[in-house]
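Novice: Return a 3D structure for these sequence lines:
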Amino acid sequence: MKRRSIGLLVAGAAVLVAGTTAVPAEAHGSSQRVVGYYTQWSGYDRNFLVNDLVKNGSAARLTHINYAFGFVDEQGNCYSSDPWADYQRGFTAEQSVNGTADAPDQALKGNLNQLKQLKAKYPKLRISISLGGWTGSKYFSNAALPAARAAHVKSCTDLWIKGNIPGLPAGAAKGIFDGIDLDWEWPSSEGNPGNVIRPEDKVNFTGLVHEYRKQLDKASWPFKGRYNLTAFLPADPAQVDRGFEVKKIFKDLTFGTLQGYDYHGSWDPQTNQQSSIDGPKGDPTAAEFSSQVTVDAYLARHAPRGKLVLGVPFYARGWTGVTNANNGLFQNATGPAPATYEAGYEDYRILKTKLSSFTVHRDNLAGFAWLFDGTTFWTWDDPTEMKRKAQYISNRNLGGAMIWSLDGDTANGELISALHRNLR
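Specialist: Okay, the predicted model is just below:
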């Protein structure tokens with residue numbers, strides 16, 4: 001499975017030093033986490049800014065935001081993959097979270113300053129920098145080598161946790177990030193073509209996670225656990241076994257987010273579901289991909305149930321040239337469906353505006369929905385399916401839901417609203 005676009009419970013607060021307070025890593029009152037990815041590129045073609053998280057109600061419903069992505073270079077050092085978006089772009093008063101325009105000579109601007117304002121508005125919100133992603137995982141294998149990992153972690157904590165941004169005053173971005181999210185796609189498995197892969201990635205990932213936990217705890221001494229450490233983890237049990245020592249890494253992770261989407265997509269010759277809860281009847285593929293399979297795989301490998309956060313998609317996967325049979329499901333297709341930003345991938349908010357051209361179909365047993373117009377097929381999640389997923393997460397006593405990505409929702413936040421109110 002491919003993601004194409006492509007966290008410690010602490011009780012109470014404690015005094016760090018005079019005048020400052022340690023914020024618990026998971027201070028939100030909800031028993032289940034609502035984690036959302038906000039991407040650097042959301043502010044480009046989509047024009048979805050950090051302040052839109054306030055406008056559509058997402059910020060009030062989120063417990064955690066993962067800001068995606070920071071990259072790792074060949075030597076294992078962390079760097080900003082888009083300095084302009086991260087800390088150089090100036091925002092007008094209308095665009096900003098707090099209603100104040102960035103000054104031309106202001107040291108820290110961009111998304112980082114907007115996230116800083118968001119934290120001031122929502123003090124319980126925890127924000128992590130997500131490292132890697134589909135296009136940013138090329139050199140993770142180098143960074144995880146025993147001889148390199150301590151320097152790698154220091155590089156990343158210096159940049160993102162201590163906030164030492166090149167060209168800005170020391171500590172200019174300090175206090176924005178409450179943790180680090182490791183999004184290595186994937187240890188010992190092919191991800192984006194050209195990624196460095198080694199057989200020893202599996203054991204090295206365990207070592208890397210432990211090194212992050214050690215250095216993050218040192219950075220927050222004497223209040224162990226102040227900083228979150230999370231990881232994005234694959235859905236495919238075969239990839240899990242190739243790349244992850246599950247029981248060991250969860251000893252150091254605050255929680256892990258599970259890939260709950262991209263089970264199928266336009267890289268497959270036939271239409272299928274991308275995020276069903278269970279395997280649908282009649283699925284012609286050899287191996288079942290479903291949330292049930294994924295969750296059960298991690299539980300069987302001794303992951304703590306309360307640390308499993310299931311991913312949900314705010315986008316759809318689509319095919320065109322689809323054979324007009326079985327309402328388009330499990331049918332041959334000629335290629336990816338035309339879409340706004342990427343063929344075969346459409347934001348929910350955009351696809352919703354085209355509903356009049358499609359018929360909505362649901363498999364209530366397997367738990368998924370799709371759209372079909374006789375030639376184009378989209379597997380999608382609407383509020384009905386978000387409710388279903390939230391109930392599944394709650395009924396299985398999992399640790400919460402993760403959203404990829406926040407810019408796919410509507411202006412009134414109908415997906416996150418349905419998700420949030422059905423979690424317990």
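Novice: Can you tell me, leaving aside adjacent residues, what's nearest to I127?
Specialist: The spatially closest residue to I127, leaving aside those adjacent along the chain, is I65, at 4.7 Å (Cβ to Cβ, 6 or more residues apart in numbering). In short, each C-beta sits where N, CA and C put it, glycine included.
Novice: Helix, strand or coil: sort out the one you found for me.
Specialist: Three-state assignment for I65 (DSSP: H, G, I helix; E, B strand; the rest coil): strand.
Novice: residues in contact with it?
Specialist: Going by Cβ atoms under 8 Å, 6 or more residues apart in numbering, I65 touches 35-38, 53, 115, 118, 125-128, 406.
Novice: Look up which residues are beta-bridged to it.
Specialist: According to DSSP bridges, the residues that bridge with I65 are G36, I127.
Novice: That one and A219, how far apart?
Specialist: According to Cβ to Cβ, to the nearest Å, I65 and A219 sit 20 Å apart.
Novice: next one: D86
Specialist: Noted for D86: a distance of 21 Å to A219, by Cβ to Cβ.
Novice: Of the two, which one has the most company?
Specialist: Neighbours of D86 and A219, each counted by other Cβ atoms under 10 Å, are more numerous for D86; the result is 22 against 13.
Novice: how far away is the more buried one from S405?
Specialist: From D86 to S405 the distance is 17 Å (Cβ to Cβ).
Novice: Go through the contacts of I65 and name the one nearest L258.
Specialist: Taking Cβ to Cβ as the measure, L258 lies nearest V35 of the contacts of I65, at 11.1 Å.
Novice: close enough to count as contact, the closest one and H64?
Specialist: Yes - counting by Cβ atoms under 8 Å, V35 touches H64, with 4.3 Å between them.
Novice: So for these two, which residue has more residues nearby?
Specialist: H64 (28 against 25).
Novice: could you dump stretch 352-365 to CSV, C-alpha only?
Specialist: Taking C-alpha atoms only, stretch 352-365 is exported to CSV below (Å, rounded to 0.1, in the frame of the first residue of the first chain):
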residue,chain,number,x,y,z
LYS,A,352,-18.9,17.0,-2.6
THR,A,353,-19.7,19.8,-5.0
LYS,A,354,-20.0,17.2,-7.8
LEU,A,355,-22.4,14.9,-6.0
SER,A,356,-25.3,15.6,-8.4
SER,A,357,-23.4,13.7,-11.1
PHE,A,358,-22.9,10.6,-9.0
THR,A,359,-24.9,7.9,-7.2
VAL,A,360,-23.7,7.2,-3.6
HIS,A,361,-23.3,3.5,-2.8
ARG,A,362,-22.5,2.0,0.6
ASP,A,363,-21.4,-1.4,1.9
ASN,A,364,-22.7,-1.3,5.5
LEU,A,365,-21.2,-4.7,6.3
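Novice: quick one: contacts for the residue lying closest to Q75 once chain neighbours are set aside?
Specialist: Leaving aside its sequence neighbours, Q75 sits nearest to N142 (Cβ to Cβ, 6+ apart; 7.2 Å). Residues in contact with N142, defined by Cβ under 8 Å, 6+ apart, are 72, 74-76, 148, 196.
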